[in-house]
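S.K.: just coords:
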């Protein structure tokens, strides 16, 4: 078994799922894959089951009863990863907006450079986004600026969803208390890691918008993030953040 698990949430990703899994499994560094599928009606789960017969020890599949949000899918995946012996746990999208080859860079940042959290960052070196309309680039960029302004957290890409966590980070954060499900989930996880004193590195990546399948983005997700950041910051004044760092 690998020391690394890549969690990929899916809902109707039949056009991407086989290629994204194979791209991860064919990397020179060995990664296992956990697909958290929300009972996709397009048959995404069945494709994963077929691949499991070819790679029985490297692909895990968990199918939930219904579509329940990105954040809950990752939290579910984190608990599964912690129930096993994985030392490095990753978040990654299924649609190739995150280049699987960059998993190795995130892994190296944690395993070789000693960081606790490595973020695949679109904005640490300029703006590295391909195929997004300018309106969405600006919205994403200024969302991260807004997060930095409110929280004082020095992360350039606060809404990034391409991340490596050392196991001890997820063991330290009280995952049962994480409240948000969309963009705000990504912000909250980074904020909690930062408040607990973990070392965070942003690794530059090029983000390429999906070419197949349909985006799950919605106005509700942005609304949750906007108001959630203020809520999260206010609540932090009344909490303690013990660190279990070595």
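M.R.: On my side now, so go ahead. These numbers come from a predicted model, not from an experiment. Numbering: from 1, shown residues only.

S.K.: which residues does the residue nearest the centre of the chain contact?
M.R.: What sits nearest the mean C-alpha location of the chain, by CA atoms, centre = their mean, is residue 91, with 3.1 Å. Applying CB atoms under 8 Å, 6 or more residues apart in numbering to residue 91 gives the contacts 7, 74, 161, 162, 163, 165. For glycine as for every other residue, the C-beta is placed from the backbone atoms N, C-alpha and C.

S.K.: and the closest residue to it other than its chain neighbours, what is it in contact with?
M.R.: Ranked by CB to CB, 6 or more residues apart in numbering and with sequence neighbours excluded, the top spatial neighbour of residue 91 is residue 163, at 4.6 Å. Each residue near residue 163 by CB under 8 Å, 6+ apart is listed here: 90, 91, 106, 117, 118, 119, 120, 186, 189.

S.K.: export those to JSON lines and append columns for secondary structure.
M.R.: Below are the contacts of residue 163 laid out as JSON lines (DSSP: H, G, I helix; E, B strand; the rest coil):
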{"residue": "90", "secondary structure": "strand"}
{"residue": "91", "secondary structure": "strand"}
{"residue": "106", "secondary structure": "helix"}
{"residue": "117", "secondary structure": "strand"}
{"residue": "118", "secondary structure": "strand"}
{"residue": "119", "secondary structure": "strand"}
{"residue": "120", "secondary structure": "strand"}
{"residue": "186", "secondary structure": "helix"}
{"residue": "189", "secondary structure": "helix"}
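
S.K.: pick out whichever of those residues sits closest to residue 142.
M.R.: residue 186 (15.8 Å; CB to CB).

S.K.: from residue 65, how far off is the closest one?
M.R.: 24 Å (CB to CB, to the nearest Å).

S.K.: between these two, who's got more neighbours?
M.R.: Taking neighbours as other CB atoms under 10 Å, residue 186 and residue 65 compare with residue 186 leading, 24 against 7.

S.K.: surely the more buried one touches residue 162?
M.R.: No - using CB atoms under 8 Å, residue 186 is not in contact with residue 162, being 9.7 Å away.
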